[in-house]
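> just need the structure, nothing else, for what follows:
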Amino acid sequence: MPHLNRFRPARAGLAGGLALALACSGSDGGTSPPPPPAVTVAKAPVSGDGQSGTVGTPLANPIRVLVTRDGQPEVGATVTWSASGTGASVSPASVVTGVDGLAAAAWTLPQAAGLRGATATVSSAGGSPVNFSATALPGPATQLTLRAGSGQSGAISEALPVPLKVRAADQYGNGVGGVVVTWQALTGGGSVAPTTSTTDTSGATTTWTLGTTLGAQTAQGAVAGLTGSPVGFTATGTPPPPPTVDVSVGNNFFNPSNVTITAGTAVRWTWTATGATPHSVESTGSPSFVSSAILTGSGSTYTITFATPGVYTYDCAVHGALMTGTVTVN
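The predicted model follows:
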């Protein structure tokens, strides 16, 4: 039995070594997160972010980033710049940081107005890419264009339903606010109101009331010195609608049942509180007029313009003599 005791220390040594190996390898099977990158990039304390400038031009101040390694300025890091939008650029396209860890570039804004972006990228660096924003503002107005309101038709002496509208824009087509437009009715005897209005980025408007001329009428909007000015508008004056007299169609009555009008006046019958009961306007004498269909439902209407003098009699095709009326035309 003494020879067995010689192996016990060895077994104890194996057990201890196995426990140490398990402890070193991590008995829970987890892995430690990778360490953060040693090099990081961020906006410099004076970064040039959030500026405003005119479309198509460089911003007043360069945009800047700071590259560090473990909190200290990193020398020799390559910063690559880019910007989005037609006409946009960042110059130079790449910069190598100096002893201060800084890199700067000039950002030329794109041709389209609005909130725009640029980026600075450092390969494999924490915080990359760094995003910058700037507001691109429209340039000076160079052109005037028609936006709405031309080619309408309307009753003479009445305002057209769609206002006249023009838009001032810069050389790239961005809408420009603050431009005063002068409006004028040219032919047809009409008028515009207001006679001047100031643009916002979508344009400026006025209301055109047609004159008494049937047929073609014209107006314009103008800004001195702008390409496309003056902007012309056309409209067609149409005869005014005839005056209208209203008659209610009720259950078993017309109200008023007798009306007197002048030639050229319209009579409009409107079904009022009739529910599901059907009614019509049926010409019954001479002279006659075109009768309506039998209609059901409150709010139904029927209109006839009486051009010839005479006494016109009518009833309801459903109720006959229980429901009659006359239209006297002088």
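> so Leu102 touches Arg64, yeah?
Yes: using C-beta atoms under 8 Å, Leu102 and Arg64 qualify as a contacting pair, with a distance of 5.9 Å. For every residue, glycine as well, the C-beta is placed using N, CA and C.
> list the residues that contact both of those two?
Ala44 (C-beta atoms under 8 Å, 6 or more residues apart in numbering).
> so for the two, which residue has more residues nearby?
Arg64 (21 against 18; other C-beta atoms under 10 Å).
> from Gly175, how far off is that one?
32 Å (C-beta to C-beta, to the nearest Å).
> quick check, pLDDT for the closest residue in space to Pro243 that isn't next to it in sequence.
Residue nearest to Pro243 in three dimensions, not counting chain neighbours: Thr265, with 5.0 Å by C-beta to C-beta, 6 or more residues apart in numbering. Here, the pLDDT recorded for Thr265 equals 97.
> Thr31 now?
Confidence score, pLDDT, at Thr31: 74.
> for Gly126, see how far away it is.
For Thr31, the distance to Gly126 - C-beta to C-beta - is 20 Å.
> now do Ala112
In terms of C-beta to C-beta, Ala112 sits 33 Å off from Gly126.
> now do the strands in the stretch 201-330 of the chain.
204-209, 215-222, 231-238, 244-250, 253-255, 258-261, 265-271, 282-283, 301-306, 310-316, 320-329 (DSSP state E, counting those that start in this stretch).
> buried residues in the fourth one?
Along strand 244-250, the positions that meet the burial threshold by neighbour count (16 or more other C-beta atoms under 10 Å) are Val245, Val247, Val249.
> these into CSV, with extra columns for distance to Thr195?
Conversion of these to CSV gives the following (distance: C-beta to C-beta, whole Å):
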residue, distance to Thr195
Val245, 38
Val247, 43
Val249, 47
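> can you redo the residues you listed as a markdown table with pLDDT?
Listed next are these as a markdown table, based on pLDDT from 0 to 100:
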| residue | pLDDT |
| --- | --- |
| Val245 | 98 |
| Val247 | 98 |
| Val249 | 98 |
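> tell me the one of those residues nearest Asp170?
Of all those, Val245 has the smallest distance to Asp170: 55.6 Å, by C-beta to C-beta.
> so the closest one makes contact with Thr265?
Yes: counting by C-beta under 8 Å, Val245 touches Thr265, with 6.1 Å between them.
> list the contacts for Ile54?
I think there's a mix-up here, since residue 54 is Thr and not Ile. Contacts of Thr54 by C-beta under 8 Å, 6+ apart are Leu109, Ala136, Leu137, Pro138, Gly139.
> what sits against the first one?
Think Leu109. So Leu109 contacts 53-59, 85, 87-88, 116, 134, 136 (C-beta under 8 Å, 6+ apart).
> on that earlier part again, tell me which of Ala112 and Gly126 has more neighbours.
More crowded of Ala112 and Gly126, by other C-beta under 10 Å: Ala112, with 17 against 13.
> which SSE is that one in?
Counting by DSSP states H and E, no helix or strand carries Ala112.
> next one: the one 4 residues further on
In the assignment (DSSP H and E), Arg116 maps to strand 114-121.
> strand partners (parallel or antiparallel) of the helix or strand following that strand?
Using DSSP H and E, the helix or strand that directly follows strand 114-121 along the chain is strand 130-137. Its sheet considered, strand 130-137 pairs with strand 51-54 (parallel), strand 114-121 (antiparallel) by DSSP bridges.
> remind me which residues of the stretch 1-150 of the chain are low pLDDT?
Scanning the stretch 1-150 of the chain with the threshold set as pLDDT under 70 gives 1-30, 34-37.
> in it, which spans are helices?
2-5, 8-25 (DSSP state H, counting those that start in this stretch).
> tell me the domain ranges of the protein?
39-137, 143-238, 244-329 (automatic domain parsing).
> the first one: end-to-end distance?
What that stands for is domain 39-137. With C-alpha to C-alpha, to the nearest Å as the measure, the first residue of domain 39-137 is 36 Å from its last.
> what's the average pLDDT for stretch 277-284?
For stretch 277-284, the mean confidence score works out to 98.
> tell me the centre residue of this structure?
Ser202 (9.7 Å; C-alpha atoms, centre = their mean).
> distance of that one relative to Arg147?
8 Å.
> likewise Gly117?
29 Å.
> those two: which is more packed in?
Arg147 (18 against 15).
> surely that one and Thr201 touch.
No: using C-beta under 8 Å, Arg147 is not in contact with Thr201; the gap is 11.7 Å.
> thinking again about what came up before, which among the contacts of Leu109 end up buried?
Buried among the contacts of Leu109 (16+ other C-beta under 10 Å): Gly53, Thr54, Val55, Gly56, Leu59, Gly85, Ala88, Arg116, Ala134, Ala136.
> in TSV, list those along with distance to Trp269.
TSV is the format used below for those (distance: C-beta to C-beta, whole Å):
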residue	distance to Trp269
Gly53	66
Thr54	64
Val55	61
Gly56	65
Leu59	70
Gly85	62
Ala88	66
Arg116	62
Ala134	66
Ala136	61
